[in-house]
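>>> Sequence unavailable; structure follows:
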C-alpha cells in the first residue's frame, strides 16, 4: 500500500474537521487555509470522502462539512482508501528467479502490516495524539 499525497492530505483534512467541527459545519476554505492545501484540490478530496460516506455537507450560510461518522468509528485506512485507489499491480514477465520476484513477498508482507496498522488507528486516536 502506497500512501500518496492525496491520502496524507485527506487525513489532515479529516483531523481538521474532527478538531474544528463537532456540531457545526466547517467551511472548506478554513480547512484549506489552516492546512495550507489548495482549496480546489481539497474540494476534490472532500468529494471523494463524501462519496464514501465519511463526510457530509451542509449548504447555505454557515454551511460546510461535518464528519459523517464519529472519529472513534473512522479509521485512517478508510480515509486513505476513499481518496487513494491504486491500480492493480501488473504481472511482470521474465525470469522467476529475478531479484524483483524474490523480494515480492517481502513487500507484500509489509503491505499487509501497513494495512493492519492503518485499520487499527482511528481518527480519534490521531486527534488525541495516541499514535
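That came through fine. Note that the coordinates shown come from a computational prediction; the quantities given were computed from them, not determined experimentally. Numbering: from 1, shown residues only.
>>> CA atoms for contacts and neighbours, from now on please.
Noted.
>>> what comes up buried for whichever strand or helix holds residue 108?
Residue 108 belongs to helix 99-120 when elements are defined using DSSP states H and E. Residues residue 114 are the ones in helix 99-120 that count as buried (16 or more other CA atoms under 10 Å).
>>> what does stretch 38-48 give?
Within stretch 38-48, the residues that count as buried by 16+ other CA under 10 Å are 42, 45, 46, 47, 48.
>>> repeat for stretch 62-70
64, 65, 66, 67.
>>> for stretch 27-37, same thing?
Buried residues in stretch 27-37, defined by neighbour count with 16+ other CA under 10 Å: 27, 28, 29, 31, 32.
>>> ok so residue 57 is a strand residue?
Yes - assignment of residue 57 by DSSP: H, G, I helix; E, B strand; the rest coil places it within a strand.
>>> which stretch of helix or strand covers the nearest residue to residue 84 once chain neighbours are set aside?
Excluding its sequence neighbours, the residue lying closest to residue 84 (CA to CA, 6 or more residues apart in numbering) is residue 7, at 5.7 Å. Per DSSP H and E, residue 7 falls inside helix 5-20.
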